[in-house]
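> Output the structure for:
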Amino acid sequence: MGRRHLRRFTAPEWWSISTKEHVWVVKPSPGPHPLSKSIPLALLVRDVLRYAKTLREARYIIGHGMIKVDGVVRRDYKYPVGLMDVVEIVPTHEVYRMMPHPTRYLWPIPISPEEARYKLCRIENKTMVKGGEIQLNLHDGRNIQLSREEGSKYHTLDSVLVDLEENRIVDSVSIEPGVLGLVVDGRNVGRYGIITEMVETYIRRKTAVAIKSSEGQEFRTVIDYVFAVGREKPLITLPELKVEQQVQQT
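Numbers count the residues shown, from 1 in each chain. Here you go, the predicted model:
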């Protein structure tokens, strides 16, 4: 694999592309999401949302500012779109959120224009910055700086609801038993339910988590694959799962 090019057979399996049709495929630009967990904006427009038939048409749409990601016009057709990103089609006013999917790994689901203003992010790290303030490093590369007192309320792997227009936190969910957990990676990707148990290990990100779905089925994964999405109800729209998708081997 070259630095600027990507062969189709080495691309992530969940991309909606044919591996035998052509040799090369668009490689995502460096950005907020890694290659394995993102899809180039051009492929999202052409192969997933079907707004274009060719790469040239997709580049035209993107280059003319018709696509927004998290409220910002993106003109780079290689821009990496990943988990929880809000994608808006400007001419049609359609809005989608990239959510985990049991078979497609990441897939856009339609959301309302009102919800498009908010994005749920997971705290990947906390750092102390100049002046004694605390900086929250979120999963999408976003950083939010808070006072020491306010920053101490949040912990790594907790989720925060961010107002994209003002870049501020409006709500948060601690990852703990009793909250709604959405699996974003691993064999149970796309499934969600109530976190019923957490068994801590020496390495926190390997903590075992038990989740019970609305159908009463319990499955387990590691905390690093779990995204806290709400308490009594989710803070964002969750994808509808068919029964046959939820009945998977645990």
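
> which stretches of this protein aren't confidently modelled?
Within the chain, the ranges that satisfy pLDDT under 70 run 1-3, 241-250.

> Need phi/psi at the most centrally placed residue in it.
Nearest to the mean C-alpha position of the chain, by CA atoms, centre = their mean, lies residue 83 at 1.3 Å. Dihedral pair for residue 83: phi -50, psi 130, per degrees, to the nearest 10.

> same thing with residue 116?
Here is the backbone geometry of residue 116 (degrees, to the nearest 10): phi -60, psi -20.

> thinking it is in contact with residue 86, fair?
Yes: here residue 116 reaches residue 86: they are 5.1 Å apart, a contact under CB atoms under 8 Å. Quick note: C-beta positions are derived from backbone N, CA and C, even for glycine.

> list residues touching both of those two?
71, 95, 97, 164 (CB atoms under 8 Å, 6 or more residues apart in numbering).

> So what's the residue count around the third one?
Using other CB atoms under 10 Å, residue 97 is surrounded by 23 other residues.

> Confirm for me that it is in contact with residue 239.
No: at 9.2 Å, residue 97 does not count as touching residue 239 under the criterion of CB under 8 Å.

> Mutual contacts of those two, please.
Joint contacts of residue 97 and residue 239 (CB under 8 Å, 6+ apart) are residue 109.

> Residue 116 and residue 86 - which one has more neighbours?
Between residue 116 and residue 86, counted using other CB under 10 Å, residue 86 has the larger neighbour count: 23 against 20.

> ok now do the more buried one, which residues does it touch?
Residue 86 sits in contact with 68-71, 95-97, 111, 116, 119, 164, where contact means CB under 8 Å, 6+ apart.

> redo that, cut-off 10 Å
Listed by CB atoms under 10 Å, 6 or more residues apart in numbering, the contact set of residue 86 reads 68-72, 95-98, 108, 111, 115-119, 164, 236.

> One more: residue 173?
Contacts for residue 173 were tallied using CB under 10 Å, 6+ apart; they are 120, 122, 158-161, 179-181, 227-231, 234-235.

> Tell me the secondary structure at residue 205.
Following DSSP: H, G, I helix; E, B strand; the rest coil, we place residue 205 in the helix state.

> My guess is it contacts residue 221. True?
No: assessed by CB atoms under 10 Å, residue 205 is found out of contact with residue 221, at 11.7 Å.
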